[in-house]
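Participant: Got a sequence here, can you build the structure:
(4 chains)
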Number of protein chains: 2
Amino acid sequence: MKLSKKSEYGLRALVELTLAHEKTTLQRRDIADRQHIPLEFLEQILLTLKRAGLVSSRRGVNGGYDLIKQPNEITLGQVIRILDGPLAPIGCVSKTAYQKCSDCPYANKTRCPVQQVMGTVRDAIAGILDHYSLADFAAGHPKG
Amino acid sequence: MKLSKKSEYGLRALVELTLAHEKTTLQRRDIADRQHIPLEFLEQILLTLKRAGLVSSRRGVNGGYDLIKQPNEITLGQVIRILDGPLAPIGCVSKTAYQKCSDCPYANKTRCPVQQVMGTVRDAIAGILDHYSLADFAAGHPKG
DNA sequence: ATTATTGTTGATAAACTAACTCTAGATTAT
DNA sequence: ATAATCTAGAGTTAGTTTATCAACAATAAT
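Facilitator: Here you go, the predicted model:
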């Protein structure tokens, strides 16, 4: 049930970008320094977030990164799904990336005990992370 | 945020042992067949559960495994912690296996946004899994 | 134009983990 | 004895995580 370093770094980077949003852009080095993130790894993460349409970037002198959307329009659930994949503990209860479990012995899937509990767990996790915006996150309080 | 195959198989094996409990013992082959679990991998899992004091075993002809405790005294949280480690998504919010995060830039840990949210997530997961017994689990309904 | 600065991209790789597989041995019932 | 069964741990394979590096492309200032 682990959160990867990638997601952790990604979230921490987005805190910095949220704090800077509409004031200034940040260069990868700024972000890496402030959040103690390995520079080259951060690069990859920012690139992934860029491809996913969360941040914009500009090259060259005075370049840097910026959020594209408003901080209250991005949820932690979105970010973690981009960087780590589905929130669900097991494929067969994922709502964004369902996958049938190949070796499940239960013909009637609603009877599978694992699926039942893990469905509950998934809903609990998603219930938190999909209602928690970057704005909440950077402000450090539990709800907007 | 994944549940490992090890834990999944472990839980499924425990369903069988719960159903058989106080009626008969089960051999690894029975469990493996009914739950489609690779036999040799299952062995390892059962051994871990034995060392942790959840199941007993008897060797030789007519040997097999049995639950030691009553099914309503074992929670899924316990099982998953044994097989997969802490439920917490990140070490610094684990209550059973706390670990300081080495690279956290926040001197005052209560101010770390990641820690805040992930603490909430941990509580949600543990709130479900630590109140869900094997008896509930095998019966296939959400609460005892 | 030139140059320094910054982001972009893809290749590479060490370290780790997951998910098995295998082999040899110990115990027990018959 | 011997066949069935668990015990223990080493070995294997494939994939993931966590980076690191080098070459390239765009931009701004001079």
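Participant: What ranges in chain A fall below the confidence cut-off?
Facilitator: Applying pLDDT under 70 to chain A flags residues A:109, A:141-144.
Participant: again, only this time at 80
Facilitator: For chain A, applying pLDDT under 80 flags the ranges A:102, A:107-110, A:141-144.
Participant: ok, so what distance separates the closest residue to DNA strand D within it from DNA strand C?
Facilitator: In chain A, the residue that lies nearest DNA strand D is residue A:60 (2.7 Å; CB to the nearest atom of the strand). The way it works is simple: take the backbone N, C-alpha and C, and place the C-beta from them, glycine included. Separation of residue A:60 from DNA strand C (CB to the nearest atom of the strand, to the nearest Å): 4 Å.
Participant: Specify the beta-bridge partners of residue A:67.
Facilitator: Beta-bridge pairing for residue A:67 (DSSP bridges): residue A:55.
Participant: if we can go back for a sec, helix, strand, or coil at the residue of chain A closest to DNA strand D?
Facilitator: Applying DSSP: H, G, I helix; E, B strand; the rest coil to residue A:60 yields a three-state assignment of coil.
Participant: How many neighbouring residues does it have?
Facilitator: Using other CB atoms under 10 Å in any protein chain shown, the number of residues around residue A:60 comes to 6.
Participant: Give me the contact list for stretch A:13-30.
Facilitator: Residues outside stretch A:13-30 that contact it (CB atoms under 8 Å, 6 or more residues apart in numbering or on different chains): A:31, A:34-35, A:37, A:39, A:42-43, A:45-46, A:49, A:54-55, A:58, A:62-67, A:71, A:74, A:79, A:134-135, A:137-138, B:113.
Participant: Filter those down to the buried ones.
Facilitator: Buried subset of those (neighbour count, 16 or more other CB atoms under 10 Å in any protein chain shown): A:31, A:34-35, A:37, A:42, A:45-46, A:49, A:54-55, A:64-67, A:71, A:74, A:79, A:134-135, A:137-138, B:113.
Participant: Within reach of DNA strand C, which of the residues you listed are there?
Facilitator: Checking the buried ones among the contacts of stretch A:13-30 against DNA strand C by CB under 7 Å from any atom of the strand, the ones in range are A:46, A:64-65.
Participant: domains for chain A, by residue range?
Facilitator: A:5-67, A:86-139 (automatic domain parsing).
Participant: So stretch A:16-31, near DNA strand D or not?
Facilitator: No. On the criterion CB under 7 Å from any atom of the strand, stretch A:16-31 is out of touch with DNA strand D, staying 11.1 Å away.
Participant: Could I get the ones next to DNA strand C among the buried ones among the contacts of stretch A:13-30 in JSON lines, plus columns for distance to residue A:97?
Facilitator: Shown next, in JSON lines, are these (distance: CB to CB, whole Å):
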{"residue": "A:46", "distance to residue A:97": "23"}
{"residue": "A:64", "distance to residue A:97": "32"}
{"residue": "A:65", "distance to residue A:97": "27"}
